[in-house]
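1. Predicted coordinates and the sequence they were generated for:
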Amino acid sequence: QVQLVESGGGLVQAGESLRLSCVGFGRSFSNDAMGWYRQAPGKGRQFVAAISWSGSSTYYADSVKGRFSISRDRAKDMVYLHLNSLKPEDTAVYYCTAASSFRRLIPPTEDSDIEYWGQGTQVTVSS
């Protein structure tokens, strides 16, 4: 079964940091663009960050620019999201995603643009 699995979420205080990890199973994702979305309680899914298959291009939502950083290790088939200077409004379930091209991860997107979603990992930031 092909799937993405996230880890690294947790409960932190405002101003602290976390690192989320995502690993693929069932096939290699080293040639896919990868990204992170999040969903806060009562809200829709929101784009957070994306990285191209080579790692040479990244893109961030304005709300996290300068605080979050996306990276990948193609040899390990891992993608990471480094969350710094966390705020209570960053509280959400964070989802790892994969698509055949970088552009397909960046809004506006269609449902069919993102080929794989992970099950999500909860990040809770207390004030």
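-> Sure thing, it's come through.

2. which parts of stretch 111-118 are buried?
-> Along stretch 111-118, the positions that meet the burial threshold by neighbour count (16 or more other CB atoms under 10 Å) are 113-114, 116, 118. C-beta coordinates here come from the backbone N, C-alpha and C atoms, glycine included.

3. Could you work out the end-to-end span of it for me?
-> For stretch 111-118, the separation between the terminal residues is 15 Å (CA to CA, to the nearest Å).

4. from what I can see residue 67 touches residue 81, true?
-> No: Residue 67 is not in contact with residue 81 according to CB atoms under 8 Å; the separation is 10.9 Å.

5. Pick out whichever of these two has more residues nearby.
-> Neighbours around residue 67 and residue 81, counted as other CB atoms under 10 Å, are more numerous at residue 81. The numbers are 27 against 15.

6. Could I get the contacting residues of that one?
-> Neighbouring residues of residue 81 by CB atoms under 8 Å, 6 or more residues apart in numbering: 19-20, 22, 36, 48-49, 68-70, 94.
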